[in-house]
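Visitor: with the sequence up front, the predicted model follows.
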Amino acid sequence: MDLGSIIGVIAGFICIAFGIMVLGAPLGLYLDPASVLITIGGSFSAIMISNPLGRTLGILRYLKHIIRAPNWEEERIISRLVAFSEKARRDGLLALEDDLDEVEDDFLRKGIQLVVDGTDPEIIKNVLYNELSKIQERHGVGIKLFDDWGKLAPAFGMIGTLIGLISIMGNIEDKSAIGSGMAAALLTTLYGALMANLLFIPIKNKLEDRDINESLIKEVMIEGILSIQQGDNPRILEEKLIAFLPPARREAVKAESGRD
Amino acid sequence: MDLGSIIGVIAGFICIAFGIMVLGAPLGLYLDPASVLITIGGSFSAIMISNPLGRTLGILRYLKHIIRAPNWEEERIISRLVAFSEKARRDGLLALEDDLDEVEDDFLRKGIQLVVDGTDPEIIKNVLYNELSKIQERHGVGIKLFDDWGKLAPAFGMIGTLIGLISIMGNIEDKSAIGSGMAAALLTTLYGALMANLLFIPIKNKLEDRDINESLIKEVMIEGILSIQQGDNPRILEEKLIAFLPPARREAVKAESGRD
Amino acid sequence: MDLGSIIGVIAGFICIAFGIMVLGAPLGLYLDPASVLITIGGSFSAIMISNPLGRTLGILRYLKHIIRAPNWEEERIISRLVAFSEKARRDGLLALEDDLDEVEDDFLRKGIQLVVDGTDPEIIKNVLYNELSKIQERHGVGIKLFDDWGKLAPAFGMIGTLIGLISIMGNIEDKSAIGSGMAAALLTTLYGALMANLLFIPIKNKLEDRDINESLIKEVMIEGILSIQQGDNPRILEEKLIAFLPPARREAVKAESGRD
Amino acid sequence: MDLGSIIGVIAGFICIAFGIMVLGAPLGLYLDPASVLITIGGSFSAIMISNPLGRTLGILRYLKHIIRAPNWEEERIISRLVAFSEKARRDGLLALEDDLDEVEDDFLRKGIQLVVDGTDPEIIKNVLYNELSKIQERHGVGIKLFDDWGKLAPAFGMIGTLIGLISIMGNIEDKSAIGSGMAAALLTTLYGALMANLLFIPIKNKLEDRDINESLIKEVMIEGILSIQQGDNPRILEEKLIAFLPPARREAVKAESGRD
Amino acid sequence: MDLGSIIGVIAGFICIAFGIMVLGAPLGLYLDPASVLITIGGSFSAIMISNPLGRTLGILRYLKHIIRAPNWEEERIISRLVAFSEKARRDGLLALEDDLDEVEDDFLRKGIQLVVDGTDPEIIKNVLYNELSKIQERHGVGIKLFDDWGKLAPAFGMIGTLIGLISIMGNIEDKSAIGSGMAAALLTTLYGALMANLLFIPIKNKLEDRDINESLIKEVMIEGILSIQQGDNPRILEEKLIAFLPPARREAVKAESGRD
């Protein structure tokens, strides 16, 4: 569960609501379903044109991805790779087959399976890096979608405001309606700005961050799998892999593997 | 037929029309042929200066490209490449000549023809990658055109609004005309923003997406053609090619080829 | 003669003039030499600071470059290279010397001359690619100049409008002058936007396009010259070179060379 | 202690305060806790969504990083590396172990330790460059955070102003409140612009600059460590390392090492 | 002396002054020391935070760099390198020592000195390219500084205008002051736009151009120095070096060297 995102969204809306209350303005003044429709509906329509239908409909999956914090537990994965390395040197590569069921991560299990199958190292490397680059491409699609949406939402907010302004100008004799008309017209710009800056752009940022993290841990796995196959010294393997972690987290691995 | 684009355009205009109706403004207030002329005509003129005449006139071709969804059927192409691979190992490369007529895709047919002709692998690789890079360049031209148009349309929308504002200011004594003048002046900005955000930018996005998809399937074909020529094991070929697909679609290929 | 640019500029100004007439505003309201001076003069001053004096003064050369459409006639150049290839295989490389005078393009003539002189292939390749990269650098200078101008013109348009607004505000008691003052003040913004979007940005786009085309045909020439020196089969040379053309234009080359 | 940052922040706020006093406006008009909350709170909420919780909470560490000017003393580090090189040639690599305690920089000490341990040069190089690239990645995270914040702060400033404008428009009959309402509404835009341009963007710039400097001195260290292991001539090592410094600072190194 | 920059700055300010006079506005309306302080002072404060103190204080050096046009005289440098090449082939590399004093350029002298000293070619190449990349890094620092300033100046102009607007709005009853207040408030935006577009951005452009030119001539020198050491034919050296010049300037070199 990604606490940062949840706290951030709640805190953001509290700030906005607080700002409105301080002004003494009725909250209802800021709620208008038609403005929501123009801003969200319009920008989502543009997203639909931009993307294949299946991808647009799968957009909720990305949102789930934000909420659910993948806990990569780099330390545990490194410890496991070191343990595999020791076992392989002691009992041979085939002995790793028994442990395959315990490996939750598909990518790691596939890699170990290839090692157990005695696949050529060059092919293992190609297969795993190809798989990684496909994962990154799929992430890239989601990142681009929210990046686009973060630009389209303010644009449709402005379009809504223009529609409202033209309506006011075309009926300018009715002075009493100008104020409320302007208030309503500005709402779509507000909605567009809020959606972009409190949701879509931060979501894009978070997806980018997740992509970097997942790529990092996958590279750790590839490095480990190839070292295991080559029969590298487990001690050296551990040194190599913990260099991927920030200094503060290196001790944890060493502690867990009972060395140093 | 690309449902996403069609639904998106229709939904987008419904959102806009709904927004206008909710305001109680007459739809006619938002329709003005002269404003259309300035915004579309002006930005299209700039596109004409930017591009060779032939390309500008061929712009409708790109629009057709959006509507018609190319169904790459990656699964079928991979199955076919695997079938070719099996046939080639069984009956020799020349036996593939009989199947050439069934291949609808020009690129794939050309590649198989080169294999049947006994062309040097290095040359086949160069010819096909050169062809692919030319295809990408042609796509790039279309993408740049809509990217440019997506920036020029709002600029000419603003130019139209400036022309209208200057006219109002130059005749400011006529107070009764200010409101309707402003409404008309803002129309070009509205048109420019709508054209850019509901048409040109999404079209650009979709063309980019198509380019990535077509490049991917062409790379699958090149990989397959070269493997067939080398006489690779069909089983290994299949493994290599399905790695290009997202995991969820890999099963379909395996099912079709009757393995696994 | 580049029809697209001419039609585009004329059509663009017709759209603008039409928009003004539809408003019933006097055209004279939109013409103001002082505003032209601020916008063009100011942005051109900034261009002068940005560039060496000689380059700024040579700006008209780029404009000539836009009007005069270079007709690369890729098909004819390819046919000629194929003819040279045949002659060289029949009569030896030295026989090409007789045809040098017919070659109008400096780059191609220089390359053939180097072949006739018996220069080392590696040196020919270096000389021609160095020459090509210098051509691209010179094009890049022109592209950057119009790109900069396309950003500076709207900036100086805004500067002019600010000057006008400050003048109006400083003398706000004279209510009768506000309208005409605002009209005049907005003119520089209009001029800046028009110059950028109807001239400088499209010119930049066209120069970029020309650069890509010229680079392409120069690469065709280099490829051809090196193949001729190596004594490649003319048939294979033709295949290699027409791959640079879009499919629709390949037939023309084959027809001209009397094959296929 | 980084004087530039401190002087800059103080001078910036003095300029702003002076501008306000010159206008004769009461300073209190520019202070509004609720506006601070919307602008800082809103943009910080977006930062929280964008980043893992731990990183957001560690933001103060980056600020400390700005204030505390790391004094890399490139000259001293080069002199020390040259001294190590001389000692290693005279007394052997193992003799460096005695000096390890004097080395304050973790990176340099780790490198020398690896040399003393007799580690393979290729492995030392990999370990140190991997370590350097991880340092750069950690810097990149901080740079991106302030870059994002520098864009989000003005966006939330604008959101605050929109909220204020809508409130005014919705209650437009109360003419007396319009002026003070507008003043309050504009405050968030002012805060957003000030935070971005006087804090977040300059901080981002400074972090980028620090990253370049730290990378440079780390590259000097790697170059020096590898040269020491290879037993390069100390004189040549010095020449190589001072080439990393600007000309004006090269003399200092030569003076310190008592040569030239 | 760089005429372009001087003419450009003068012409730019004449255009602006002319625009003001045409409006019949008093020039004094556009001069306000407090506005200068906010815009220049504020943006310069942000520059101080962004950079180490020494660099900010050295900013005048960059300005001197703009005024003083370095006359690279590529033709003379090429002629000299060709003359050195001839002398070296005739009298040996050591003979070049006599001419070292005549070489004004530090970079060229250092390179020739290394040749005379009999340094290994690979080391000469590394030393000179390292020196060149350090020169480019130092240029990059100046370019980034003016690029940043060109963005910060308009931002602080806008901040000044916001401060002014808030002051007016907070005291809106005093109708008589609104006009002059607005005029004063807009001044900072005008100053920011002028500084950025007439000074900082053009200066950045010119520094970029200088960097490209200096890099080019330094590459000519490196190429020449290495050729001299290898004992290349002076004729071939000349051909190689003049290929760096635009065609129009190649004749000058040939004329000077008395060949062709």
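Guide: That came through fine.
Visitor: near the closest residue to chain E within chain A, how many other residues are there?
Guide: When distances are taken as C-beta to the nearest C-beta, chain A reaches nearest to chain E at A:L23, 15.0 Å away. Glycine gets a C-beta too; all of them are placed from N, C-alpha and C. Burial of A:L23 is recorded as 21 neighbouring residues (other C-beta atoms under 10 Å in any protein chain shown).
Visitor: who are the contact partners of it?
Guide: D:I163, D:G164, D:S167, D:G181, D:A184 (C-beta atoms under 8 Å, 6 or more residues apart in numbering or on different chains).
Visitor: what residues are up against A:T189?
Guide: Applying C-beta under 8 Å, 6+ apart, the residues contacting A:T189 are A:P154, A:G157, A:M158, A:G160, A:T161, D:L162.
Visitor: centroid-nearest residue for chain A?
Guide: A:L207 (2.3 Å; C-alpha atoms, centre = their mean).
Visitor: what's downstream of the helix or strand it falls within, the next helix or strand?
Guide: Using DSSP states H and E, A:L207 falls within helix A:201-230. Sequence order places helix A:234-242 as the next helix or strand after helix A:201-230, per DSSP H and E.
Visitor: now do the buried residues in that next one.
Guide: The neighbour-count check on helix A:234-242 (16 or more other C-beta atoms under 10 Å in any protein chain shown) flags A:P234, A:L237, A:E238, A:K240, A:L241, A:I242 as buried.
Visitor: try stretch A:149-157
Guide: Those buried within stretch A:149-157 under the rule 16+ other C-beta under 10 Å are A:W149, A:G150, A:L152, A:A153, A:P154, A:A155, A:F156, A:G157.
Visitor: and the residue sitting furthest away from the middle of chain A, which of the three is it?
Guide: Centroid-distance maximum for chain A: A:E173 at 50.8 Å, with C-alpha atoms, centre = their mean. What DSSP: H, G, I helix; E, B strand; the rest coil gives for A:E173 is coil.
Visitor: these two touch, right, it and B:G179?
Guide: Yes. Using C-beta atoms under 8 Å, A:E173 is in contact with B:G179, at 7.3 Å.
Visitor: common neighbours of the two, please.
Guide: With C-beta under 8 Å, 6+ apart, A:E173 and B:G179 have no common neighbours.
Visitor: angle of the lengthiest helix in chain A against helix B:201-230?
Guide: What stands out as the longest helix in chain A, according to DSSP state H, is helix A:121-170. Orientation note: helix A:121-170 sits at an angle of 160 degrees relative to helix B:201-230 (axes from the mean of the first three to the mean of the last three C-alpha atoms, to 10 degrees).
Visitor: next secondary structure after helix A:121-170?
Guide: helix A:176-194.
Visitor: how about the residue of chain A closest to chain E, phi and psi?
Guide: phi -70, psi -10 (degrees, to the nearest 10).
Visitor: identify all contacting residues around the lowest-mean-pLDDT helix or strand in chain A.
Guide: Sorting the helices and strands of chain A by mean pLDDT, DSSP states H and E puts helix A:247-256 at the bottom, at a mean of 72. With C-beta under 8 Å, 6+ apart as the test, helix A:247-256 has contacts from A:E74, A:E75, A:R76, A:I78, A:S79, A:E238, A:L241, A:I242, A:L245, A:D260.
Visitor: in that helix, which residues are buried?
Guide: A:R250, A:A252, A:V253, A:K254.
Visitor: and stretch A:192-203, by the same measure?
Guide: Buried-residue list, stretch A:192-203, by 16+ other C-beta under 10 Å: A:G192, A:A193, A:L194, A:M195, A:A196, A:N197, A:L198, A:L199, A:F200, A:I201, A:P202, A:I203.
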